[in-house]
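Participant: I'd like to go over a predicted model; first the sequence, then the structure.
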Amino acid sequence: MLILSLGSEIKTTKSVNPVPILMYHNIGQPPEGARLRSLYVRTGAFARQMRVLRALGFQGLSMSAAMPYLRGEKTGRVAVITIDDGYVDAIENALPALRANHFSATCYVVSGRTGQYNDWDAAAMNVSKPLMSNAQVKEWHAAGMEVGAHSRTHPRLTNCTDAELLAEIAGSKSDMEALIGAPVTQFCYPYGDHDTRVEAAVRHAGYSAATTTRRGRANPGDDLMQLRRILVVGSHFLQMFLIKLFTSYEDKRG
C-alpha cells in the first residue's frame, strides 16, 4: 500500500524539484566473513529498485546527464545513479539492470588501482575485492555509462599536500581521459572527505561537479562541489528505498 501511495503521489506531481543522487558501493552477495555488510546491495534488489524507478516514470541518469537538472535548467522525474570505487561487480551485476531499464549511471573509479583490489579499506571490510581492469572500465564506458574520478589511490584528501592533491585529483582525471578517450567531468571525494582547499583543487582541475557522502537529496542551485547523496544499503526494504528518495526523510538527516 505504501508503494502504491507513493507512486500515486509521484505520478500526479508535474515535476520533482529535489534531485536524488543514489550512492551504491557493492552490487551483489556479501562474501563470507565480510564486514560492513550493509554496503552490499544484492543483485536482485538492485534490479528491483531500477525497475520500480522506471515504473514510476523516472529516468535513471549519470551525473553528466543530470547536470541540467542540478543546475536548475531542466525539471523532470530523474534519479541519479552513482557507484563508488569501481568494483568488478558494477559491470557484472549492475550493468545488466541499468541497460534493461535504459538507464545510465556514473561509476567513480580509483584510477591508480584498476585491475587490483581495495587496498584502502580491505582490512576494515575484511574482504579484498577485485576492481575493474582497464579493459572493463572501457567496456563500462562503451556501454553508454559514465566514468567518473575517485582519485588515484583513495586517500583522505584533506591530509594531502598541495602537490599530492594535484596528483590525486587532476591526475585521476587525466588517467581516465587517456584510458577511455573522452572527457571525465565528475569527481567523488574518497570517504566524503573534503574542505575548501580540496574543493578548490577539484574546480581547478576542471570537474563540473563533485559528490559527497553527506545525506540528503540535491537541489537545483546547490553548490556543485558539495552535492549530497542518498546511501542505498542492503538492509533497505523497497518501501524505505522509496521513502528516502521521494520524501524529506534523508534531507532532515543531512
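Facilitator: Received the coordinates, thanks.
Participant: S128: what secondary structure?
Facilitator: Of the three states, S128 takes coil according to DSSP: H, G, I helix; E, B strand; the rest coil.
Participant: give me the number of residues near it?
Facilitator: 12 (other CB atoms under 10 Å). C-beta here means a position set from N, CA and C on the backbone, and glycine is covered the same way.
Participant: quick one, helices of the stretch 101-250 of the chain?
Facilitator: For the stretch 101-250 of the chain, applying DSSP state H, counting those that start in this stretch gives helices covering 122-125, 134-142, 162-165, 171-180, 196-205, 238-246.
Participant: other SSEs contacting the last one?
Facilitator: Based on contacts counted as 3 or more CB pairs under 8 Å, 6 or more residues apart in numbering; DSSP states H and E, the elements that helix 238-246 packs against are helix 2-11, helix 43-55.
Participant: among these, which gets the worst mean confidence?
Facilitator: Lowest mean pLDDT of the helices and strands packed on helix 238-246: helix 2-11, a mean of 46.
Participant: next secondary structure element downstream of that one?
Facilitator: Downstream of helix 2-11, the next assigned helix or strand under DSSP states H and E is strand 21-24.
Participant: same question for that following strand, mean pLDDT?
Facilitator: In this model, strand 21-24 has a mean pLDDT of 98.
Participant: quickly run through the sheet partners of that strand, with directions.
Facilitator: Its sheet considered, strand 21-24 pairs with strand 78-85 (parallel), strand 227-231 (parallel) by DSSP bridges.
Participant: so how far is R197 from the most centrally placed residue in the chain?
Facilitator: Computing the C-alpha centroid of the chain and ranking residues by CA atoms, centre = their mean puts T82 first, at 1.9 Å. According to CB to CB, to the nearest Å, T82 stands 24 Å off from R197.
Participant: and if you look at G76?
Facilitator: Distance of G76 to R197, given as CB to CB: 35 Å.
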